[in-house]
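Undergrad: Whatever this is, show me its structure:
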Amino acid sequence: MKELILVRHGKSSWDYDVSDKDRPLKERGISDAGMVSRKFLGKGLQVDFAYSSPANRALHTSMIFLRNLGFDLNKFQVQEALYDFSGSSVANFVESLDNQLDRVMIFGHNYAFTSLANTWGDQYIENVPTSGLVHIKFDVERWDKVGKGSSETIIFPKHLK
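TA: Numbers count the residues shown, from 1 in each chain. Sure, this is the predicted structure:
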């Protein structure tokens with residue numbers, strides 16, 4: 001059984017004249033990521049490894065989540081392949097994951113995450129919002145065999161306010 005937890009980065013700020021990769025989180029992005037991560041912590045699931053896009057907003061979101069989960073940062077990596085908006089690079093990344101890992105959390109971007117949540121999950125999601133989390137289980141033993149799975153947990157900030 002393989003499990004993937006997709007987390008879209010928190011709400012970012014457009015108030016600064018910086019590159020897309022360097023855009024920071026807004027205060028709302030920080031608080032929403034904290035809320036969603038604390039709700040996910042209540043599920044009691046242990047994550048084997050976590051990966052983040054190198055974009056500032058995704059990386060900051062990952063640090064909020066992983067700190068709240070008490071996660072060992074030795075099991076965390078930044079991956080350029082997750083700085084993807086279409087979903088093809090993220091899909092290739094997931095399909096190439098080490099099969100020793102069973103539950104993986106990735107932090108990244110839309111449109112990629114909404115597309116993959118709908119491709120792999122069994123519940124239609126109009127849009128994975130900022131700080132949104134979608135946990136999908138696959139009845140396979142290898143990451144390169146992921147296909148249609150079951151959407152186990154969906155946590156969006158609006159569900160918690």
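
Undergrad: Tell me which residues of the helix or strand of the chain with the lowest mean pLDDT come out buried.
TA: Taking mean pLDDT, DSSP states H and E as the measure, helix 157-160 is the helix or strand of the chain with the lowest mean score, a mean of 94. Burial within helix 157-160, assessed by neighbour count using 16 or more other C-beta atoms under 10 Å, is assigned to residue 157. For glycine as for every other residue, the C-beta is placed from the backbone atoms N, C-alpha and C.

Undergrad: Stretch 123-140 too?
TA: Neighbour-count burial for stretch 123-140 [16+ other C-beta under 10 Å]: 125, 128, 129, 130, 131, 132, 133, 134, 135, 136, 137, 138.

Undergrad: Give me the three-state assignment for the first one.
TA: Going by DSSP: H, G, I helix; E, B strand; the rest coil, the secondary structure assigned to residue 125 is coil.

Undergrad: List the contacts of it.
TA: 114, 117, 118, 134, 151, 154 (C-beta atoms under 8 Å, 6 or more residues apart in numbering).

Undergrad: which one is residue 133 nearest to, not counting chain neighbours?
TA: Leaving aside its chain neighbours, residue 133 sits nearest to residue 155 (4.5 Å; criterion: C-beta to C-beta, 6 or more residues apart in numbering).

Undergrad: returning to what we had before: in helices only, show me the contacts of residue 125.
TA: 114, 117, 118 (DSSP state H).

Undergrad: thinking the first one is in contact with residue 128, fair?
TA: This points to residue 114. Yes: contact criterion C-beta atoms under 8 Å: residue 114 and residue 128 qualify, at 4.6 Å.

Undergrad: Just put the contacts of residue 125 in TSV and tack on distance to residue 79 and pLDDT.
TA: Below are the contacts of residue 125 laid out as TSV (distance: C-beta to C-beta, whole Å; pLDDT from 0 to 100):
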residue	distance to residue 79	pLDDT
114	19	98
117	19	98
118	22	97
134	19	98
151	23	97
154	24	97
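
Undergrad: So residue 152 versus residue 81, what's the distance?
TA: Taking C-beta to C-beta, to the nearest Å as the measure, residue 152 falls 24 Å from residue 81.
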